[in-house]
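Need the 3D shape of this:
(chains A and B)
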Protein chains: 2
Amino acid sequence: MSLVTDLCKAAAAVKYEVQKLDTQKKNEALLTAADRLVQRRADILAANEKDIEAGRAAGMSEALIDRLTLTDGRIEQIAEGLRQVAQLPDPVGEVMEEFVRPNGMKIRKIRVPMGVIGVIYESRPNVTADAFALCFKAGSAVILKGGSDAINSNIAITRVLRDSLEACGITPDAVQLVATTDRAATRELMTMRQYIDVLIPRGGSGLIRAVVEGSKIPVIETGTGNCHIYVDKDADLEMAMKILVNAKTQRIGVCNAAESLVVHRAVLDEFLPMLATTMEEYGVTLRADEDSRSMLPLAEAATEEDFGKEYLALMLSVKTVDSVEEAIEHINRYHTGHSDCIVTKDREAAEKFLREIDSACVYVNVSTRFTDGFEFGFGAEIGISTQKLQARGPMGLREITSYKYQITGDGQIRG
Amino acid sequence: MSLVTDLCKAAAAVKYEVQKLDTQKKNEALLTAADRLVQRRADILAANEKDIEAGRAAGMSEALIDRLTLTDGRIEQIAEGLRQVAQLPDPVGEVMEEFVRPNGMKIRKIRVPMGVIGVIYESRPNVTADAFALCFKAGSAVILKGGSDAINSNIAITRVLRDSLEACGITPDAVQLVATTDRAATRELMTMRQYIDVLIPRGGSGLIRAVVEGSKIPVIETGTGNCHIYVDKDADLEMAMKILVNAKTQRIGVCNAAESLVVHRAVLDEFLPMLATTMEEYGVTLRADEDSRSMLPLAEAATEEDFGKEYLALMLSVKTVDSVEEAIEHINRYHTGHSDCIVTKDREAAEKFLREIDSACVYVNVSTRFTDGFEFGFGAEIGISTQKLQARGPMGLREITSYKYQITGDGQIRG
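Numbering: from 1, shown residues only, chains lettered A, B, ... in the order given. The predicted structure follows:
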């Protein structure tokens, strides 16, 4: 039997044990793991150092080295993340609905764990602890497959997590790491339908596409974000600029950052000069359509491709439209269904936009940067879903649970 | 471009138009379609006659011929189904949650259509109208791929549905049939991820497995049911027998029928003689484990395979256990996660069973035959899900919708 099959069998074998843990026990384990990660940071940092050395030897970019690097402070942050998950309400057992049928049988719909969750992710080693914490608190066993770059760090962190579970009298098999850099292991993991209930990819668009296309297990697609800001003819233009600057520049490498500006023709004359100045100030390169480009001296010509692009960089595409309808059509065509915003004082246009934009999060006069589990009040999130099944938008604990119906009666039979 | 690509593009092109239809308009279309199906029954019956002839020529069994056959009465039933869907509350636009964040932004979670739903099903032609009605009422465009056996019937029914939409001023492309018996078309349909949001297979286990394994589109697995009745040591044995008879024999070919009996050893002496007599009376063949077989003169020996089997026939496997824990373990091992029942007067055993059985529907003292959209009060159902993502158990209109967040504010940006 292969390594992956072994791990999957072990996770499946303990899933009901994990499912039965009460909230207090789960929180105790999370807090223990938080403490131990900090206590054993020397081991973790030593392992991390190996990954960094290997990365440098392989010519990894400084940006990636930075993502990979752990420090005392970052380990403290990881521990703090576990403590925060311990504080979140336990979704398991929540009664979602309760009703009585005419024949007297009582039906309760209650929230239950998924069972076994697989998480496939890239080089940030903090995901190892984050993903464990969320899946475990949601009552599921978890199988982790991190990036090869972080293999030593991930092994060290997982060892602490497993020891912490054991110290609390919980089976360590509740969390397992596919501790190999062999890509065949990832492909094999994606076929383990009989053991894994759901697979969540976290990372760049390449990883997500590979999992979505290769998996035999149901996948929750956490997504890339080609987010739009539409400045309507009735927009408060100062507000529009403030929102655009925030959405574009506050953090450029994230999925809820704006990548495209859509402008109503009626405000081109007033808005574009402001845009040119402000974007220059923030170092943002513009890729503009013909109608807007004449007023944006530094802009390059936008191609069809630009409108569909998640730049994750100081770049912004600009598109001119003649109506809110055209804006909606353009956005629904090019976006990734993540987050889009209209800036307007016109209530009707706002409502149309809210109704017709086909995204997880549709904003009126608010920066798209708020698409985030913490900002929504859900606490830590396992990702932001851009698909329509199971969960859409920020996914907290509830979104990684399932439900079942419990029916009680006194001998009801069907006539 | 292929036929399938054409259909998918056409459906995707009208999905927002369908999404925008108000409840009244959708109901008008459903009622119009109901009337026209009855009015044009001669065309439908003539088409159905062709399918029946082809079926007979191909040596189709009488049971399958019966499933395929339409009559005036069955067409009236199909029409009645459409009228019932018209009466169901419209899930689209329902506000699921609403809250205000500390920064003043308002977040509303509202129910929205999926977009385009694909349904792949087998020979019963009524599914053509049923699946259309549910998907359409839930605000989605629908692409139907029925069984080859019913191709002429399905074409005739779809023609009436499309004409009815057009008569109401609605785009007929809201419903499309993959009108070919070419199996390659089904395989191609399962790759149309960019156009179809979710795929729902309806049919036998072979069809469901083929779709689950072959699809690149997210699938809602509607499932096979290996349902169990567990007779606890504290069961009211008469009630247990009544429930067992109902669950096993009231309708044998359905997914919520019981396939396996699990009996606590303490009641073997009393329950098995009753079982032997009653099952003989109903013509049910028993496949029993060693411990129970000594008291069941007509029973055959059960193999490992029997316990995992959905017989869909007058067959029942019998397993002896020493405790409710053993019953739970046995059931969780062999069931399909559909519906399982405990018969007991012991509250603690009942609660343990409710909590620990990992099925869509877990019953105490109620026949498993109630796992059904109508019986749950959801109205018509598109299927019964045995998976954990998106929907579990009977799936009505709500279960084939998604949601989105609408966020409104007055210039909030992220700090």
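
Tell me the gap between the helix or strand hosting residue A:276 and the middle of its chain.
Residue A:276 belongs to helix A:268-281 when assigned by DSSP states H and E. In this view, helix A:268-281 has its centroid 32 Å away from the chain centroid, taken as Cα atoms, centre = their mean, to the nearest Å.

Output the contacting helices and strands for that helix.
When contacts are defined as 3 or more Cβ pairs under 8 Å, 6 or more residues apart in numbering or on different chains; DSSP states H and E, helix A:268-281 packs onto helix A:237-249, strand A:258-264, strand A:285-288, helix A:290-293, strand A:315-321. Every residue, glycine included, has its C-beta placed from N, CA and C.

highest average neighbour count across the ones you listed?
Comparing the helices and strands packed on helix A:268-281 by mean neighbour count (mean count of other Cβ atoms under 10 Å in any protein chain shown), strand A:258-264 comes out on top with a mean of 27.

Which strands border that strand, and is each parallel or antiparallel?
strand A:227-231 (parallel), strand A:315-321 (parallel) (DSSP bridges).

quick one on the thing from earlier: for the helix holding residue A:276, report the contacting residues that lie outside it.
For helix A:268-281, contacts defined as Cβ atoms under 8 Å, 6 or more residues apart in numbering or on different chains pick out A:231, A:235, A:237, A:240-241, A:244-245, A:261, A:263, A:285-286, A:291-292, A:295-299, A:316, A:318, A:320.

let's see 7 Å
A:231, A:237, A:240-241, A:245, A:263, A:286, A:292, A:295-298, A:316, A:320 (Cβ atoms under 7 Å, 6 or more residues apart in numbering or on different chains).

Quick one: the strands in the stretch 1-150 of chain A, in order.
Applying DSSP state E, counting those that start in this stretch to the stretch 1-150 of chain A gives strands spanning A:95-100, A:106-113, A:116-121, A:141-145.

Which of the ones you listed sits closest to residue B:192?
Among the strands of the stretch 1-150 of chain A, strand A:116-121 comes nearest to residue B:192, with 24.5 Å by Cβ to Cβ.

picking that back up, any chance of the helices and strands packed on helix A:268-281 in CSV, plus mean pLDDT?
Shown next, in CSV, are these (pLDDT from 0 to 100):
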stretch, mean pLDDT
helix A:237-249, 98
strand A:258-264, 98
strand A:285-288, 97
helix A:290-293, 96
strand A:315-321, 98
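
Of all those, which one comes closest to residue B:206?
For residue B:206, the closest of the helices and strands packed on helix A:268-281 is strand A:258-264, at 44.7 Å, according to Cβ to Cβ.

Next, the angle from the closest one to helix A:237-249.
In terms of direction (axes from the mean of the first three to the mean of the last three Cα atoms, to 10 degrees), strand A:258-264 departs from helix A:237-249 by 160 degrees.

near chain B, which residues of the stretch 151-300 of chain A?
Within the stretch 151-300 of chain A, the residues that sit near chain B (Cβ under 7 Å from any Cβ of the partner chain) are A:197, A:198, A:213, A:216, A:218, A:239, A:242, A:243, A:246, A:250.

how about the third one, what does it touch?
With contacts defined as Cβ under 7 Å, 6+ apart, residue A:213 is in contact with residue B:216.

The closest residue to residue A:222 other than its chain neighbours: what's it in contact with?
Sequence neighbours aside, residue A:383 is the residue nearest to residue A:222 in space, at 3.1 Å (criterion: Cβ to Cβ, 6 or more residues apart in numbering or on different chains). By Cβ under 7 Å, 6+ apart, the contact set of residue A:383 is A:200, A:202, A:222, A:395.

In those residues, which has the lowest confidence score?
Lowest pLDDT among these: residue A:222, with 85.

and it, what does it touch?
Contacts for residue A:222 (Cβ under 7 Å, 6+ apart) come out as A:200, A:201, A:202, A:208, A:383, A:384, A:385.

Would you confirm that residue A:126 contacts residue A:78?
Yes: using Cβ atoms under 7 Å, residue A:126 makes contact with residue A:78 at a distance of 5.0 Å.

Mutual contacts of those two, please.
Here residue A:126 and residue A:78 share no contacting residue, scored by Cβ under 7 Å, 6+ apart.

for chain A, what are the low-confidence residue spans?
Applying pLDDT under 70 to chain A flags the ranges A:1.

Repeat the analysis, applying 80 as the threshold.
For chain A, the stretches with pLDDT under 80 are A:1, A:123, A:223.

Could you break chain A into its assigned domains?
A:3-222+A:391-408, A:227-370 (automatic domain parsing).

how long is the last one end to end?
Between the start and the finish of domain A:227-370 there is a gap of 12 Å, counting by Cα to Cα, to the nearest Å.

chain center to that domain, what's the gap?
On Cα atoms, centre = their mean, the centre of domain A:227-370 falls 22 Å from the chain's centre.

quick one: the longest strand along chain A to helix B:237-249, angle?
Secondary structure of chain A per DSSP state E: the longest strand is strand A:401-412. Interaxial angle of strand A:401-412 relative to helix B:237-249 (the same axes, to 10 degrees): 120 degrees.

Using JSON lines, lay out the contacts of residue A:222 together with secondary structure.
Shown next, in JSON lines, are these (DSSP: H, G, I helix; E, B strand; the rest coil):
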{"residue": "A:200", "secondary structure": "strand"}
{"residue": "A:201", "secondary structure": "strand"}
{"residue": "A:202", "secondary structure": "strand"}
{"residue": "A:208", "secondary structure": "helix"}
{"residue": "A:383", "secondary structure": "strand"}
{"residue": "A:384", "secondary structure": "strand"}
{"residue": "A:385", "secondary structure": "strand"}
